[in-house]
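Peer 1: Sequence first, then the predicted structure:
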Amino acid sequence: MQNPNPSARWIFIRGLVRESKHWEEFPNRFAETIPNNGIFLADLPGNGRHWQMKSPTDMTAMMDFVRRDTLDANKQAQGPCYLFAISLGAMVALEWLNHYPSDITGAVLVNTSLRGLNPIHQRLCWRRWPSLLSIARQKDVRLREQAILALTSRHSVDNSRVESRVNAFRQHPISRMNLIRQLWAAAKYKPPLDTPKTPLLMLNSLGDRLVDPACSQTIAEHWGLALSTHPWGGHDLPLDDPDWIIAEVLQWLTNQNSGV
């Protein structure tokens with residue numbers, strides 16, 4: 001399938017205490033199939049290259065930072081702009097659309113949830129709470145990253161992947177306090193529940209062990225959005241099946257351009 005919008009720019013936003021390096025090869029594979037003027041890999045305040053910052057506990061402040069950071073890095077960019085965001089990053093994307101809808105042509109939201117539409121035990125699967133507590137307490141970086149991968153991906157834990165994430169942490173160490181602050185921001189975030197005017201594609205994974213896939217289903221039904229469900233992928237769907245995501249995005253863009 002040909003790219004229906006070859007001049008589009010994309011901004012990728014990661015989730016809870018994850019940084020742009022955790023996309024791994026997904027942005028490159030995305031760009032190979034969906035050519036564009038550039039992909040900007042945003043980092044939330046407190047994560048990645050902004051690891052020394054204190055994470056806001058307010059989603060609007062988090063969004064404002066990401067938006068300023070993105071605009072500063074893309075001052076000369078032209079053409080339509082899309083967001084691709086996962087989990088907490090998708091909440092940041094929605095807040096961006098709520099405040100500055102004219103910035104964004106469309107957005108793809110992966111494995112996210114919203115207060116007011118689903119209960120807390122679905123937004124953060126209650127069976128995983130002990131595992132999350134253990135991960136938060138784990139001081140050994142390698143063991144912690146192994147546990148995160150085992151929780152968020154359906155693939156077997158690959159040693160080279162663990163090592164790359166250990167190296168990313170050593171370069172950009174994320175604090176436990178920022179983990180707590182980001183969790184609090186996500187837990188209390190409740191956007192206006194009016195249907196967004198910006199075109200949205202929802203993606204979820206039946207194998208998501210962190211966020212119940214029912215959350216994306218509820219959001220899609222509430223807003224009348226397109227929803228595509230992966231049959232086995234985990235929470236980190238871009239890691240588990242990037243080709244499936246790219247095919248779904250291409251089909252969605254084609255439908256948008258043809259008025260479907």
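Peer 2: Yep, it's here. Numbers count the residues shown, from 1 in each chain.

Peer 1: which stretches of the stretch 151-260 of the chain form helices?
Peer 2: 159-171, 176-188, 214-223, 237-240, 242-258 (DSSP state H, counting those that start in this stretch).

Peer 1: most packed of those helices?
Peer 2: Scoring the helices of the stretch 151-260 of the chain by mean neighbour count under mean count of other Cβ atoms under 10 Å gives helix 237-240 as the most buried, with a mean of 23. (C-beta placed from N, C-alpha, C; glycine too.)

Peer 1: what about dumping the CA coordinates of that one to PDB?
Peer 2: In PDB, the C-alpha atoms belonging to helix 237-240 read as follows (Å, rounded to 0.1, in the frame of the first residue of the first chain):
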ATOM      1  CA  LEU A 237       2.800  -3.200  21.100                       C
ATOM      2  CA  PRO A 238       5.400  -1.200  19.000                       C
ATOM      3  CA  LEU A 239       8.000  -3.700  20.300                       C
ATOM      4  CA  ASP A 240       5.800  -6.800  19.900                       C
END
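
Peer 1: Show me what that helix is packed against.
Peer 2: With contacts taken as 3 or more Cβ pairs under 8 Å, 6 or more residues apart in numbering; DSSP states H and E, helix 237-240 sits against strand 200-205, helix 242-258.

Peer 1: Now render those as TSV, adding mean pLDDT and distance to residue 36.
Peer 2: Formatted as TSV, the helices and strands packed on helix 237-240 follow (pLDDT from 0 to 100; distance: least, Cβ to Cβ, whole Å):
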stretch	mean pLDDT	distance to residue 36
strand 200-205	98	16
helix 242-258	91	11
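
Peer 1: Redo the helices of the stretch 151-260 of the chain as TSV? Include distance to residue 148.
Peer 2: Listed next are those as TSV, based on distance: least, Cβ to Cβ, whole Å:
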stretch	distance to residue 148
helix 159-171	8
helix 176-188	11
helix 214-223	20
helix 237-240	11
helix 242-258	19
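
Peer 1: would you list the helices and strands packed on helix 237-240 in CSV and tack on distance to residue 94?
Peer 2: As requested, the helices and strands packed on helix 237-240 are arranged in CSV below (distance: least, Cβ to Cβ, whole Å):
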stretch, distance to residue 94
strand 200-205, 9
helix 242-258, 17
